[in-house]
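A.B. asks: predicted model and sequence follow; I will ask about them next.
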Amino acid sequence: MEFSREKIRQIRNLMLLAAALTLVIIYSEKVLRGAAFAFGILRPFIYGGGVAFVLNIPMKLIEEKLLGRWKKKSAQRWKRPLSMVLSIAVIVLVLAVVVGMVLPQMAMTAAEVGRKIPVFMEQVMVQFERLAEDEPMLAEWVSKLESMEFNWDSILENVVHFLKNGAGNVLNSTFNVAGSIISGVVNGAIALVFALYILAQKERLANQGRRLISAYLPTRVGDKIQEICSLLYRNFSNFITGQCLEAVILGAMFVIFMSIFRMPYAVVVGVLIAVMALIPIVGAFVGCGVGAFLIMINNPLQAVWFVVLFLVLQQIEGNLIYPRVVGNSVGLPSIWVLMAVSIGGSLFGVAGMLLFIPLMSTGYALLRESVNKRNALKAKNREREKKETDKANPEESRPKEGKTKD
C-alpha cells in the first residue's frame, strides 16, 4: 500500500505531536516550573498588554468620535498622543472620584465604630449581668472561671519565647513585603511604559503579527488564527464595555432607590456597589456587605431593609440586566454566561470570572460556525444524493397516478 507525500507528512506531524505530548506528560513538573519561570520574567509585559487592551477601548472612542474631525496632516500627528493622554486622564479621574468618595466615608465610619464600641461593650455587660441573675447556672460558671488559678510565670515565659523566635520571622516578613512592594512598583512602571508603546504603534504591531503568521504558517491555518484573534479581541472589548455599563446601571439603581427610601450613604453605597459589580455576579455581594455595615452603624433596622432591597435589585440585575447586557454584548446566551462565571470562578477565582465569559463566547461562536457548516454540508449532500437517485430511477421518482374506477 503506497502513501502519498501529503499523507506521509500528516503521519509524521501526528507522530511528532504524540512524542511532544508524551514528553510533556513525563516531565510535567519541570514543564510547569519552566512555565512559571517564564511567566515571572514576562509578567510586566503581560500586564502591560492587558493595560494596553483596556486603555485602547476609551482611546479608540476618543480618537474616532471626539477627534475624528482632525483631518489635516499637522493635526494627525497629535491625534494619537492626545487620545492616549485623555484616556489615561479619564480612568485616573474615575478612580480618584471613587476613592475620594468611598475612603473618607469609610474612615468616618471606622472612627464612629471606635466611639461606639465601649458603649456597646457596656450594654453587653449589663445584659450579661441580668442574664446571670436570671440563670443561676451561668453565674456558677462565671464564679468557677473567676476562681481558676493561672500559672502566670509559664504564660510569661511562653510569651517571651514567642517574641524571641518571632522577631526574626517578623523582620523577614517585613523585608519580603518591602521587596514585593518595590518589585510591584517596578513591574507596574515597566507595564505602563510597555502599554504606551503598544498603543502608540498598535497598527504597526498588528501588521507585523499578520506578516509573521503569513510567513511561517499555511494560508488556511493563518487565516483561521487571524479570525480567532479578531473574534477574541471583539468579545473581550464588548465584555469590558458591557461589564462597565452593567455596573453603572446597578449603581444608579441603588442610588435612586436608596434616595427614595431615605437610606443614608446612598451615593457612597451606590458607587461602592458599582465598583465591586465589575467582578461578575458575586462582586455586588461584597458591596452589599460593606453597605449594610455602614448603614447598621446608624440604624440596624434600615440595614435589614437595605439587605432586602439589595436582594430584590440583585434578582432584577442577575436575571434581566446582566445576562442581557453582558450576554448580548459578547453574543453568549444567558445560561452560558452563568456557566462561564461558575466554571471560571471555581478554577481561577476572580480572574477566571473575568476571563471565562469572553473565552467561552469565542468557543461558542466557533462551535456554532462549525455546526452550521457541517449541517449545511450534510443537507447539500442529501439533496445531491436524492437528485442522483431520481436520475437513476426516473420511474420511481414520478408521482403515481391514482386508480380510476370503471
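C.D. replies: Cool, the structure landed.
A.B. asks: tell me the phi and psi of the residue nearest the centre of the chain?
C.D. replies: With distances taken as Cα atoms, centre = their mean, the residue of the chain nearest its centroid is L354 (1.8 Å). Backbone torsions of L354, given as degrees, to the nearest 10, read phi -70, psi -30.
A.B. asks: do I have it right that it meets F236?
C.D. replies: No: in this structure, L354 is not within contact of F236 by Cβ atoms under 8 Å, at 9.6 Å. Yep, even glycine has a C-beta here, placed from its N, CA and C like the rest.
A.B. asks: give me the mean pLDDT for the helix or strand containing S342.
C.D. replies: Using DSSP states H and E, S342 sits within helix 334-392. Computed over helix 334-392, the mean pLDDT rounds to 81.
A.B. asks: and that helix, how far out from the chain middle?
C.D. replies: 23 Å (Cα atoms, centre = their mean, to the nearest Å).
A.B. asks: swap in stretch 314-321?
C.D. replies: Distance, stretch centre to chain centre, for stretch 314-321: 18 Å (Cα atoms, centre = their mean).
A.B. asks: endpoints of it, how far apart?
C.D. replies: With Cα to Cα, to the nearest Å applied, stretch 314-321 spans 10 Å between its terminal residues.
A.B. asks: hmm, who's touching it?
C.D. replies: Stretch 314-321 is contacted from outside by E246, I249, L250, M253, I281, A284, F285, C288, using Cβ atoms under 8 Å, 6 or more residues apart in numbering.
A.B. asks: just checking, the fourth one touches L313?
C.D. replies: Translated: M253. Yes: contact criterion Cβ under 8 Å: M253 and L313 qualify, at 5.5 Å.
A.B. asks: spatially nearest residue to L217, not counting backbone neighbours?
C.D. replies: Distances taken as Cβ to Cβ, 6 or more residues apart in numbering put I225 closest to L217, at 6.9 Å, once the chain neighbours are dropped.
A.B. asks: list the helices and strands the strand or helix carrying that neighbour packs on?
C.D. replies: Using DSSP H and E, I225 sits within helix 219-260. Taking 3 or more Cβ pairs under 8 Å, 6 or more residues apart in numbering; DSSP states H and E as contact, the helices and strands that helix 219-260 lies on are helix 28-61, helix 202-216, helix 266-276, helix 300-316, helix 322-330, helix 334-392.
A.B. asks: quick one: which of those helices is nearest G242?
C.D. replies: G242 lies closest, by Cβ to Cβ, to one member of the helices and strands packed on helix 219-260: helix 322-330, at 3.3 Å.
A.B. asks: what is the mean pLDDT for that closest one?
C.D. replies: 64.
A.B. asks: same check, this time on stretch 107-119
C.D. replies: For stretch 107-119, mean pLDDT is 72.
A.B. asks: got it, and stretch 180-197?
C.D. replies: On average, stretch 180-197 scores 85.
A.B. asks: in that stretch, what's buried?
C.D. replies: Buried residues in stretch 180-197, counted by 16 or more other Cβ atoms under 10 Å: A191, L192, F194, A195, L196.
A.B. asks: okay, the residues you listed in TSV with distance to A110 next?
C.D. replies: Listed next are the buried residues of stretch 180-197 as TSV, based on distance: Cβ to Cβ, whole Å:
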residue	distance to A110
A191	32
L192	32
F194	38
A195	35
L196	38
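A.B. asks: select from the residues you listed every entry located in helices.
C.D. replies: With helices taken from DSSP state H, the overlap with the buried residues of stretch 180-197 comprises A191, L192, F194, A195, L196.
A.B. asks: pull the most distant pair out of those.
C.D. replies: A191 and L196 (9.9 Å).
A.B. asks: picking that back up, from the buried residues of stretch 180-197, pick the one nearest L377.
C.D. replies: Closest approach to L377 among the buried residues of stretch 180-197 (Cβ to Cβ): A195, at 43.9 Å.
A.B. asks: hmm, that closest one is touching A52, no?
C.D. replies: Yes: between A195 and A52 there is a contact under Cβ under 8 Å: 3.9 Å.
A.B. asks: which other residues reach stretch 216-227?
C.D. replies: Applying Cβ under 8 Å, 6+ apart, the external contacts of stretch 216-227 come out as R210, I213, S214.
A.B. asks: so which bits of that stretch are buried?
C.D. replies: In stretch 216-227, counting by 16+ other Cβ under 10 Å, buried: G222, Q226.
A.B. asks: list the contacts for I295?
C.D. replies: I295 makes contact with M263, P264, Y265, V269, Q302, A303, F306, according to Cβ under 8 Å, 6+ apart.
A.B. asks: just give me the neighbour total for the fourth one.
C.D. replies: V269 has 26 neighbours, counted by other Cβ atoms under 10 Å.
A.B. asks: for it, give its distance to V275.
C.D. replies: According to Cβ to Cβ, to the nearest Å, V269 and V275 sit 11 Å apart.
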